[in-house]
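In: with the sequence up front, the predicted model follows.
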Amino acid sequence: MNAIIYKSTGSWYLCKTVDGRFWNGRMKGKFKIDKEITSTNPIAVGDYVQVELESENENSVMITGIEKRKNYLVRVSPHNKNQKHIVASNLDQSILIATIKDPRTSTGFIDRFLVSCEVYHLEAILVFNKADILDEEDLKYFQYLKNLYTAIGYKVHLVSAEKEEGIDTLKNLMQNKVTLLTGHSGVGKSTVINKILPEKDLFTQEVSAWSGKGMHTTTFAQMYDLPFGGQLIDTPGIRELGIVNVSRAELSGYFPEIKKVLVNCKYNNCSHFNEPGCAVKDAVANGIISEERYVNYAKIFETIEEKWS
């Protein structure tokens, strides 16, 4: 039977087969999926797998194989900074829920998210929540960020989950797509999800009844079917997005505006700091590349350990 992984709790996996039934699945032995990555979780939410019936009474199946992933999003393992954790796979897009204040989402955090999406060829969308608490100065800052990120090709939206403003726009963006939703603590991600999917709690209870296991753990990603088509993958709050599988030499290629001009640098191995004839530094000096984005590039560059390269 073919199935999709809807939730992973480490040793057990919630699988949905093509007939719409949920099963408790576990792996049959050890198997590697992607040779290029070594992760703490061999199977992730969004994976397409093959399963064999183990026990009809216990609603359990054995996972015997996994299909090649279209893409995946990886972060540093929350348990071991030297290992990687696959957040989810087979995605169409990823939405970062951010806020202008209470708390403010830093551009450093945003840029790490965008780099992660660029690495795995994933469309990235920025959604700023809590529009209802913004004053005039806050709105000016939002407009600055919107101009900054739309100029380099990213979609940016302002919503208020509390007032249900902009929720229909999000639904349209997510229709018939597999969407990963992420964000750091306090941005109101859960409120956004509850407005998009008011049936979420009912769905959770239904899945719990089918699987016989409680589904209230928030430390693991979980997929939900959207009533208007598509799937939403909810992830736990992420404190910091570590950049993995990227070398220092590759980093500039994941900043679209830097990538456009780096071909004009005098040296092929230019790091865009102190080298003479650097087209990137010239573009920053002339206002073609945002100084704030360049500073974030430099900060990320310094945090990359060459063992990932």
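Out: Sure, I can see it. Residues are numbered from 1 along each chain as shown.
In: report the contact partners of V119.
Out: 243, 245-246, 254 (CB atoms under 8 Å, 6 or more residues apart in numbering). In this view, the C-beta of every residue, glycine as well, is placed from N, C-alpha and C.
In: which two among the residues you listed are spaced furthest apart?
Out: Farthest pair in the contacts of V119 (CB to CB) is N245 and Y254. Separation: 10.8 Å.
In: between the two, point out the one with more neighbours.
Out: The neighbour comparison of N245 against Y254 (other CB atoms under 10 Å) goes to Y254, with 19 against 14.
In: for the nearest residue to the more buried one once chain neighbours are set aside, give its distance to V261.
Out: Nearest residue to Y254, sequence neighbours excluded (CB to CB, 6 or more residues apart in numbering): E118, at 4.0 Å. For E118, the distance to V261 equals 16 Å [CB to CB, to the nearest Å].
In: mind saving the C-alpha coords of the one helix or strand the residue nearest to Y254 maps to as PDB?
Out: According to DSSP states H and E, E118 maps onto helix 107-119. Taking C-alpha atoms only, helix 107-119 is exported to PDB below (Å, rounded to 0.1, in the frame of the first residue of the first chain):
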ATOM      1  CA  THR A 107      15.700  40.400   9.500                       C
ATOM      2  CA  GLY A 108      18.500  38.100  10.500                       C
ATOM      3  CA  PHE A 109      15.900  35.400  11.300                       C
ATOM      4  CA  ILE A 110      14.000  36.200   8.200                       C
ATOM      5  CA  ASP A 111      17.100  35.900   6.000                       C
ATOM      6  CA  ARG A 112      18.100  32.600   7.500                       C
ATOM      7  CA  PHE A 113      14.700  31.300   6.700                       C
ATOM      8  CA  LEU A 114      14.900  32.600   3.100                       C
ATOM      9  CA  VAL A 115      18.400  31.100   2.600                       C
ATOM     10  CA  SER A 116      17.100  27.700   3.900                       C
ATOM     11  CA  CYS A 117      14.300  27.800   1.300                       C
ATOM     12  CA  GLU A 118      16.700  28.900  -1.500                       C
ATOM     13  CA  VAL A 119      19.000  26.000  -0.700                       C
END
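In: could you identify the helix or strand that succeeds that helix?
Out: For helix 107-119, the following helix or strand on the C-terminal side (DSSP H and E) is strand 123-129.
In: just the CA trace of that next one, in PDB.
Out: What follows is strand 123-129 as a C-alpha-only set of coordinates in PDB (Å, rounded to 0.1, in the frame of the first residue of the first chain):
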ATOM      1  CA  GLU A 123       9.100  29.000  -2.700                       C
ATOM      2  CA  ALA A 124       9.200  31.300   0.400                       C
ATOM      3  CA  ILE A 125       6.500  33.600   1.500                       C
ATOM      4  CA  LEU A 126       6.600  36.200   4.300                       C
ATOM      5  CA  VAL A 127       3.500  36.800   6.300                       C
ATOM      6  CA  PHE A 128       3.500  39.500   9.000                       C
ATOM      7  CA  ASN A 129       0.800  38.900  11.700                       C
END
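In: parallel or antiparallel, list what pairs with that strand.
Out: Note on strand 123-129: by DSSP bridges, its sheet partners are strand 93-99 (parallel), strand 155-158 (parallel).
In: where do the strands of the chain begin and end?
Out: Along the chain, the segments classed as strands by DSSP state E run 2-8, 13-17, 22-27, 48-55, 60-66, 72-76, 84-89, 93-99, 123-129, 155-158, 177-182, 222-225, 230-234.
In: and those strands: which comes nearest N286?
Out: strand 155-158 (24.0 Å).
In: for the residue nearest to H272 when sequence neighbours are not counted, list the residues it contacts.
Out: Nearest residue to H272, sequence neighbours excluded (CB to CB, 6+ apart): V280, at 4.0 Å. By CB under 8 Å, 6+ apart, the contact set of V280 is 252, 258, 261-262, 265, 270, 272, 289, 294.
In: so which of those residues comes closest to N57?
Out: Nearest to N57 among the contacts of V280 is S252, at 56.5 Å by CB to CB.
In: not counting sequence-adjacent ones, nearest residue to the closest one?
Out: Among residues not flanking S252 along the chain, I258 sits closest, at 4.7 Å (CB to CB, 6+ apart).
In: wait, that neighbour sits on E250?
Out: No: judged on CB atoms under 8 Å, I258 makes no contact with E250 at a distance of 11.7 Å.
In: could the strands paired with strand 123-129 be laid out in TSV, adding mean pLDDT and distance to M27?
Out: Output for the strands paired with strand 123-129, formatted as TSV (pLDDT from 0 to 100; distance: least, CB to CB, whole Å):
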stretch	mean pLDDT	distance to M27
strand 93-99	97	26
strand 155-158	98	37
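In: can you say which of these is nearest to E136?
Out: For those, the distance to E136 is smallest for strand 155-158, at 14.1 Å, taking CB to CB.
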